[in-house]
Each structure stands twice: as structure tokens, then as C-alpha cells.
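Participant: any chance you can model this:
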Amino acid sequence: MARRRIAAEDGHRALAQVADGSAGRPELAMAVRFTLEELAELAPGNSVEVRVPPFGVTQCVEGPRHTRGTPPNVVETDAATWLALVTGTTTWPDAVAAGRVAASGQRADLGAWLPLVGRHP
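Facilitator: Purely as a prediction, here's the structure:
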């Protein structure tokens, strides 16, 4: 199970602020970190590293555990693209095709877990 640092209420509030355009940098950071926590809870594991610099990183998806060096399965994107993916305003294939997501490795396709928002009550 993912280690929780951000309360669901705070995370959803930050996401709402991003959606309505009132988010500052702290709210943007919280929204990114909260959704990374959500992904790690939905797809527990250590085979894929998801990076959203400079705000956060998580490991997720079942499979071989990575212990040293650069992980074989890495997903990296900017905060705006990440939040568009998790809220469903863009799709995984579209973001990858547009070059807005760098995904390397056999397990680096997060399309099965996105969007995140709306999956849980």
C-alpha cells in the first residue's frame, strides 16, 4: 500500500483549484503529489518509476523490483500533462504521440490506470 502524506480532502481541493485556474505553485505541487500517491495505491509495486519534475516521483506497477541505477521502466512528464492525464482531459496515447510523455520500458504504459480522477468514490 502506498504511503499517504496528503489527505484526500486536501488533494481533491488542490485538483479543483488547478481545474478552475486558481491554483498557485503550492496547490499545483500538492495536486501532482496527491495524484502520484493515488496511482501508487491503484497500481502498487516497484517496477515503474513515474517522474513529474520538480514536484514528485513514485514507484508503481507490479513486477520486478528495481534497486540500483536508472530504472528500466520510466515515465516522465511535466505537471500540466500529468494532471491532464489523471483528470482525463488528454489520453495516454495522445500525450505519448505528442511527445509530452517520455515512457521507456515494457511496463511503462500507464494507459490502463489513467485517468485516475473519477475511479474512486
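Participant: who does the helix or strand harbouring residue 26 touch, helix- and strand-wise?
Facilitator: Residue 26 belongs to helix 25-42 when assigned by DSSP states H and E. Counting contacts by 3 or more CB pairs under 8 Å, 6 or more residues apart in numbering; DSSP states H and E, helix 25-42 packs against helix 8-20, strand 48-52, strand 56-60, helix 79-87. Every residue, glycine included, has its C-beta placed from N, CA and C.
Participant: and the residue nearest the centre of the chain, what does it touch?
Facilitator: Nearest residue to the geometric centre of the chain (CA atoms, centre = their mean): residue 36, 4.1 Å. Neighbour list for residue 36: 50, 52, 56, 57, 58 [criterion: CB atoms under 8 Å, 6 or more residues apart in numbering].
Participant: as a markdown table, those residues with pLDDT would be great.
Facilitator: Shown next, in a markdown table, are the contacts of residue 36 (pLDDT from 0 to 100):
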| residue | pLDDT |
| --- | --- |
| 50 | 97 |
| 52 | 98 |
| 56 | 96 |
| 57 | 96 |
| 58 | 94 |
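Participant: could you look up the SS state of the residue nearest to residue 17 when sequence neighbours are not counted?
Facilitator: Distances taken as CB to CB, 6 or more residues apart in numbering place residue 23 nearest to residue 17, at 3.9 Å, with adjacent residues excluded. Under DSSP: H, G, I helix; E, B strand; the rest coil, residue 23 falls in the coil class.
Participant: next up, the contacts around residue 117.
Facilitator: Shown in contact with residue 117 (CB under 8 Å, 6+ apart): 15, 35, 86, 87, 88.
Participant: roughly how far does the residue nearest to the centre of the chain sit from residue 97?
Facilitator: Separation of residue 36 from residue 97 (CB to CB, to the nearest Å): 23 Å.
Participant: then residue 14?
Facilitator: 28 Å.
Participant: residue 96 against residue 103, yeah?
Facilitator: Yes - counting by CB atoms under 8 Å, residue 96 touches residue 103, with 6.1 Å between them.
Participant: what's the burial count for residue 94?
Facilitator: Residue 94: 12 surrounding residues under other CB atoms under 10 Å.
Participant: that one belongs to a strand?
Facilitator: No - applying three-state DSSP, one finds residue 94 to be helix, outside a strand.
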